[in-house]
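Participant: below: sequence and its predicted model.
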Amino acid sequence: MSAQPPVISIVCPCFNEQESVGLFIDTMLPELEKTELSFEIIFINDGSRDNTLSTLKDLQKHHAGIRVINLARNFGKEAALTAGIDLSKGQVIVPIDVDLQDPPELIHDFIREWNNGYDVVVAKRVDRTSDSFAKKLSAELFYKFHNRISHVKIPVNVGDYRLMTRRVVSAIQQMPENQRFMKGIFSWVGFKTKIVEYKRDPRIAGETSFNGWKLWNFALEGITSFSTAPLRIWLYIGLAISTLAFVYGSAIVIKTLLFGIDAPGYASLITIMLFLGGVQLIGLGVLGEYIGRLFMESKRRPIYIVEEDN
Ligand code: UDP
Ligand code: MG
């Protein structure tokens, strides 16, 4: 690599991607060469349990402009992405998945819009036919719910694939939080943003590591990182239930005064008790969710640990 810092930094988190990295290089490199700008491709090996690291090191021997950052263990995609962004040197930074679900040729649109004066160019999936029905539905529900309750709106169907200028990255680096919901973090910083559309392809090889439970936790992370609505809603639920209880209680008192005591209703009593018990537990659960995050955040641990960078 030359001493001059590159213009473009491609940032690519990899977790068990030994089949994909080679293909990725074969598709990405020609596109980058077409731009005629200097570049670096940063692979972050996020504690892969297969031969991703050795494959990457092999590729590095055959191609110029490749950096391999090895994290000390699996820190998760968001942390890996943060590591790559922190260590990138380019004037513009492009995070991209290694599975080629995001088409590398979009880089030309990114650069065009950057030259038009945009600080952020995001890629929006217009066609998600390659994703399963459940994934599409859950993604849609998530975006709707998140954007309704959170001040920071994340654009629908926009992933991490985007171009950001150095000043956007500097802004992101001022966000010290440990729990990194990157979509939210990217949106939070703002800047002049352009959306370009594309069709999302199926994975070229390997398997997605985001399924069911993991996606659910990811969604929880997103919502609790950028909104306190789930905490505040309990005030209103409590108010509503107390009001109802008061009205119902008054009705019972009046009825008793006027007509004497009824036979006690076991069924209604137990139903109300169980219902309220459940409601309280949900409230506690939501509290717990936030307290857990506060706890993790208060430890101030580093987001990732780099084992080697070369
Ligand atoms: N990834 C990672 N660490 C993880 C899980 C995933 O670095 O713990 C990387 C993975 O190698 C890929 C990207 O994150 O480059 C997106 O993962 P995946 O394709 O599994 O997610 P999906 O596209 O299904 O949302
Ligand atoms: Mg993928």
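Facilitator: Here it is on my side, so go on. Ligands and ions are numbered 1, 2, ... in the order given.
Participant: from the stretch 151-300 of the chain, which residue is nearest to ligand 1?
Facilitator: Distances between the stretch 151-300 of the chain and ligand 1 by CB to the nearest ligand atom are smallest at residue 208, namely 3.2 Å. C-beta: built from backbone N, CA, C; applies to glycine.
Participant: can you confirm that residue is in a helix?
Facilitator: No. Applying DSSP: H, G, I helix; E, B strand; the rest coil, one finds residue 208 to be coil, outside a helix.
Participant: could you pull up the residues touching it?
Facilitator: residue 99 (CB atoms under 8 Å, 6 or more residues apart in numbering).
Participant: and stretch 257-270, what's buried?
Facilitator: Residues of stretch 257-270 classed as buried by neighbour count (16 or more other CB atoms under 10 Å): none.
Participant: now do the end-to-end distance for it.
Facilitator: 24 Å (CA to CA, to the nearest Å).
Participant: check stretch 16-23 too.
Facilitator: Across stretch 16-23, first to last residue, CA to CA, it's 14 Å.
Participant: what do you get for stretch 40-59?
Facilitator: So stretch 40-59: terminal residues 13 Å apart, CA to CA.
Participant: chain center to it: distance?
Facilitator: Relative to the centre of its chain, stretch 40-59 is centred 22 Å away, using CA atoms, centre = their mean, to the nearest Å.
Participant: do it and ligand 1 come into contact?
Facilitator: Yes. With CB under 6 Å from any ligand atom as the criterion, ligand 1 is reached by stretch 40-59 at residue 46.
Participant: what is the rounded mean pLDDT of that stretch?
Facilitator: The pLDDT scores in stretch 40-59 average 92.
Participant: got the contact list for the nearest residue to residue 190 once chain neighbours are set aside?
Facilitator: Once flanking residues are discounted, residue 190 sits nearest to residue 171: 8.0 Å by CB to CB, 6 or more residues apart in numbering. For residue 171, the contacting residues are 189, 190, 191, by CB under 8 Å, 6+ apart.
Participant: so which strand or helix has residue 171?
Facilitator: helix 166-173 (DSSP states H and E).
Participant: can you list the buried residues in that helix?
Facilitator: Buried residues in helix 166-173, defined by neighbour count with 16+ other CB under 10 Å: 166, 168, 169, 171, 172.
Participant: now do stretch 299-310
Facilitator: 303, 304.
Participant: only C-alpha atoms, please: export it in CSV.
Facilitator: The C-alpha trace of stretch 299-310 is given here as CSV (Å, rounded to 0.1, in the frame of the first residue of the first chain):
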residue,chain,number,x,y,z
LYS,A,299,-19.0,-1.0,32.5
ARG,A,300,-17.5,1.1,29.8
ARG,A,301,-15.8,-1.9,28.2
PRO,A,302,-14.2,-1.5,24.8
ILE,A,303,-16.5,-2.4,21.9
TYR,A,304,-14.1,-4.8,20.3
ILE,A,305,-10.5,-6.1,20.8
VAL,A,306,-8.2,-6.2,17.9
GLU,A,307,-5.8,-9.1,17.9
GLU,A,308,-3.9,-8.2,14.7
ASP,A,309,-4.2,-5.6,11.9
ASN,A,310,-2.1,-6.0,8.8
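Participant: tell me the helix or strand right after the longest helix seen in the chain.
Facilitator: Looking across the chain with DSSP state H, the single longest helix is helix 266-298. The helix or strand immediately downstream of helix 266-298 is strand 306-309, counting by DSSP H and E.
Participant: which secondary structure elements does that next one sit against?
Facilitator: Judged by 3 or more CB pairs under 8 Å, 6 or more residues apart in numbering; DSSP states H and E, strand 306-309 is in contact with strand 66-71, helix 77-87.
Participant: nearest to ligand 2, out of these?
Facilitator: helix 77-87 (9.7 Å; CB to the ion).
Participant: between strand 66-71 and that closest one, find me the angle.
Facilitator: 130 degrees (axes from the mean of the first three to the mean of the last three CA atoms, to 10 degrees).
Participant: compute the inter-axis angle for helix 77-87 and helix 166-173.
Facilitator: 130 degrees.
Participant: is ligand 1 contacted by the helix or strand following helix 77-87?
Facilitator: Remark: after helix 77-87, the chain's next helix or strand is strand 92-95, criterion DSSP H and E. No. Using CB under 6 Å from any ligand atom, we find that strand 92-95 stays clear of ligand 1, coming within 9.4 Å at best.
Participant: against which helices or strands is strand 92-95 packed?
Facilitator: By 3+ CB pairs under 8 Å, 6+ apart, strand 92-95 packs against strand 8-14, helix 77-87, helix 107-115, strand 158-165, helix 166-173.
Participant: quick one: end-to-end length of stretch 103-119, please.
Facilitator: Terminal-residue distance, stretch 103-119 (CA to CA): 20 Å.
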